[in-house]
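pasting a predicted model and its sequence here:
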Amino acid sequence: MPSGTLDWKRHIIPVLNPDGYEYSLHKDRLWKKNRRQVSDFCYGVDLNRNFDYNWGKQDSTRSECSNTFCGPAPFSEAETQAFKAMRSFDNMQFLSGDIHALRKVGYGMAMDWMYFVKKITHSYILETRGEHGFDILGVKEILPAAKEIRMGIMKFSELM
């Protein structure tokens, strides 16, 4: 390896929420929370709002039936606890940064936790096309969206 270059490990977590993902495939296409029962009638915590930086502020809610329910406490969910624990495994470093200038501000998000709490200089959230990043894509949009994501990841990798 040439001097002055860095030895990078890239860890891509395609699905932090396997139960919610499975449920969205077979039951409710717009489901984005996990599947833990949080009350007698409601299921799920929005894992992206379950981190401890600015947890429970503004657009996240403590209403268990809401799509943006942030959970009973920061890192209350097994999935976010596992993500937090990954940071200490194998001396791994995350690359992260600020998306707020590009998107609506979200509170208690993984990106904010990585930047403000863990002091990681850059933070990224990758979302697919659609207004919310989880909209239903038409059949004809799936392949172009996959190509866009792949090209974005490849370009990002080149720049790193």
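Good, I have the coordinates.

flag the shaky bits of this structure, pLDDT-wise.
Along the chain, segments meeting pLDDT under 70 span 1-12, 59-60, 86-107, 121-135, 156, 159-160.

domains for it, by residue range?
For the chain, automatic domain parsing gives the domain ranges 18-125, 130-160.

can you lay out those domains as TSV showing mean neighbour count?
For every residue, glycine as well, the C-beta is placed using N, CA and C. Formatted as TSV, those follow (neighbours: other Cβ atoms under 10 Å):
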stretch	mean neighbour count
domain 18-125	16
domain 130-160	11
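
just checking, what packs against the helix or strand containing Asp19?
Asp19 belongs to helix 18-26 when assigned by DSSP states H and E. Packed against helix 18-26 by the contact rule (3 or more Cβ pairs under 8 Å, 6 or more residues apart in numbering; DSSP states H and E) you find no helix or strand.

hang on, isn't Phe116 packed against Phe51?
No - contact criterion Cβ atoms under 8 Å: Phe116 and Phe51 do not qualify, at 9.8 Å.

thinking again about what came up before, residues contacting the helix holding Asp19, please?
With Cβ atoms under 8 Å, 6 or more residues apart in numbering as the contact definition, helix 18-26 has outside contacts at 15, 30-35, 44, 47.
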